[in-house]
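A.B. asks: this is a predicted model, with the sequence first.
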Amino acid sequence: MKLLVYGSRDFGRVVRDLAQTCGHHFVGFVDDLYEGAHVLGNYGAVKSLYPPGSAGMVIAIGYGHLEARWKIFRKVVADGYEVPTLIHDRAYVRSPEGIGRGALIMAGAIVDVSVKLGELTVLWPGAVVNHDSVIGANTFISPNATVCGFVEVGESCFVGAGAVIVDHRSVPDHAFVKAGDVFH
């Protein structure tokens, strides 16, 4: 599939690599704020060049802008773009049908049995989501973070690198769990 990557900064470059690793053809970046290598223009300009149906789109706006990221995702979907889920071939995903649209799962991530990941979730390398857990839409689980069993993480959350959320806990929407923290 031909893919546009919405966001061209650091996270955009990582997402471009993930898309290519998953066998997709990178067309170019969409960026409303920055110009640069492979940036085709802002959303309006790129929508004219590549209307829905001619290419899919992946959202690569980082965790520092979760509200804007969600709004852009909703706009892109409403306009008719396919927003595929990207799963690295070296990630372990027990049940792909539990993964929401637009999720990004990177190398070495583990998604155990009976896990549900909401739309637009991001699992960085080494992130682990254990059995029977639910991760809300638009949430980032950072490298080597561990979500134990029967956990519910709300929408638009950030779980930092190496953080641990112990079993049978609920993390509220919009929470920020710092790197290395234990949420219990």
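C.D. replies: Happy to help now that I have it.
A.B. asks: so which elements touch the worst-scoring helix or strand of the chain on mean pLDDT?
C.D. replies: One helix or strand of the chain scores below all others by mean pLDDT, DSSP states H and E: strand 182-183, with a mean of 96. Identification of packing neighbours for strand 182-183 by 3 or more CB pairs under 8 Å, 6 or more residues apart in numbering; DSSP states H and E yields strand 164-165. All C-beta spots, glycine's among them, are computed from the backbone N, C-alpha and C.
A.B. asks: identify the residues contacting the strand it packs on?
C.D. replies: 145-148, 151, 153, 159, 171, 177, 181-184 (CB atoms under 8 Å, 6 or more residues apart in numbering).
A.B. asks: partner strands of that strand and their direction?
C.D. replies: Strand pairing for strand 164-165, using DSSP bridges, gives strand 146-147 (parallel), strand 182-183 (parallel).
A.B. asks: which helix or strand lies directly C-terminal to that strand?
C.D. replies: Beyond strand 164-165 on the C-terminal side, the first helix or strand identified by DSSP states H and E is strand 170-171.
A.B. asks: run the chain-centre distance for that next one.
C.D. replies: For strand 170-171, the separation from the chain centroid amounts to 19 Å (computed by CA atoms, centre = their mean, to the nearest Å).
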